[in-house]
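Asks: make a model of this:
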Amino acid sequence: MVAVPESHTGWTFITNHARVLAAIADNPNVRIRDIAAHCRLTERAVQRIISDLEEDGYLSHTRDGRTNTYRIEPDKVLRHPAEAGLSVASLLSLLVRDETERVTNPTPRSPRMANANGS
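Replies: Below is the predicted model of the structure:
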């Protein structure tokens, strides 16, 4: 049995819904257990989030045996009025790293961040 991740208190920059969506974008065949571990959520919380995303048309899935394959709707616009006109694809472009970048540069630092840190 997988241990329940420790809880987090306080605010964060990214919502749990965005974290789950990014994990699915990284691997459309990812298991709920693996999403939960990656996002530090319970499996039940991930199931509720996936249900929310499917209910509002951001996500769908097909089942092949015991495996789910998720499909994200990249052109769907974000829900909050402050992000009016921004698509899911725009959000995911900030959250999901290309696999080649992951291998060649495991701890990326943007040039802007390097300048802000004085390096």
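Asks: and the strands in the protein?
Replies: 59-64, 67-72 (DSSP state E).
Asks: ranking the ones you listed by burial, who's on top?
Replies: strand 67-72 (a mean of 15; mean count of other CB atoms under 10 Å). From N, CA and C alone the C-beta is placed, and that goes for glycine too.
Asks: direction included, what does that strand pair up with?
Replies: Neighbouring strands of strand 67-72 in its sheet, by DSSP bridges, are strand 59-64 (antiparallel).
Asks: let me see the mean pLDDT of the strand it pairs with.
Replies: Mean per-residue pLDDT for strand 59-64: 96.
Asks: residues contacting that strand, please?
Replies: L21, I24, I50, L53, E54, N68, T69, Y70, R71, I72, E73 (CB atoms under 8 Å, 6 or more residues apart in numbering).
Asks: mind saving the C-alpha coords of that strand as CSV?
Replies: Only the C-alpha atoms of strand 59-64 are listed here, as CSV (Å, rounded to 0.1, in the frame of the first residue of the first chain):
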residue,chain,number,x,y,z
LEU,A,59,-9.9,15.7,-20.3
SER,A,60,-11.3,12.4,-21.5
HIS,A,61,-10.1,8.9,-21.3
THR,A,62,-10.3,5.5,-23.0
ARG,A,63,-9.9,2.3,-21.3
ASP,A,64,-7.8,-0.6,-22.7
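Asks: how about T67, nearest residue that isn't a chain neighbour?
Replies: Leaving aside its chain neighbours, T67 sits nearest to N29 (5.9 Å; criterion: CB to CB, 6 or more residues apart in numbering).
Asks: and the residue nearest the centre of the chain?
Replies: Residue closest to the mean C-alpha point of the chain, counted by CA atoms, centre = their mean, is A22 at 2.1 Å.
Asks: tabulate the strands of the chain in CSV, adding columns for distance to L41.
Replies: Shown next, in CSV, are those (distance: least, CB to CB, whole Å):
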stretch, distance to L41
strand 59-64, 16
strand 67-72, 16
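Asks: summarise which helices and strands the lengthiest helix in the chain is packed against.
Replies: With secondary structure taken from DSSP state H, the chain has its longest helix at helix 43-55. In terms of contacts (3 or more CB pairs under 8 Å, 6 or more residues apart in numbering; DSSP states H and E), helix 43-55 is packed against helix 16-26, helix 32-39, strand 59-64.
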